[in-house]
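this one's sequence-less:
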């Protein structure tokens, strides 16, 4: 499977929506770096972003909102917050 900027943005979004945990995101990123085929022409952008996600489950690195926001911007996306009643 080819990993695109959209693929990575979707994974970050899943993490922000609490659909996956930091450990799952990190596992996906580690596997993506080892086995994934990065989209041609985007490898220089994708590699450092995926590498950063690969350490998201390490306490010293963590993954704060600001980190996700920065990573998404590097991918060409902008996060948006929506507050809704529950």
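Yep, it's here. What you see is a predicted model; the values in this text were computed from it and never measured.

where does pLDDT dip in this protein?
Applying pLDDT under 70 to the chain picks out no residues at all.

so where do the strands sit in it?
Secondary structure of the chain by DSSP state E: the strands cover 2-3, 37-38.

now those strands in TSV, with mean neighbour count and distance to residue 57?
Glycine gets a C-beta too; all of them are placed from N, C-alpha and C. Putting the strands of the chain into TSV (neighbours: other C-beta atoms under 10 Å; distance: least, C-beta to C-beta, whole Å) gives the following:
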stretch	mean neighbour count	distance to residue 57
strand 2-3	16	19
strand 37-38	15	21
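
could you provide those in a markdown table, with additional columns for distance to residue 18?
Formatted as a markdown table, these follow (distance: least, C-beta to C-beta, whole Å):
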| stretch | distance to residue 18 |
| --- | --- |
| strand 2-3 | 22 |
| strand 37-38 | 27 |
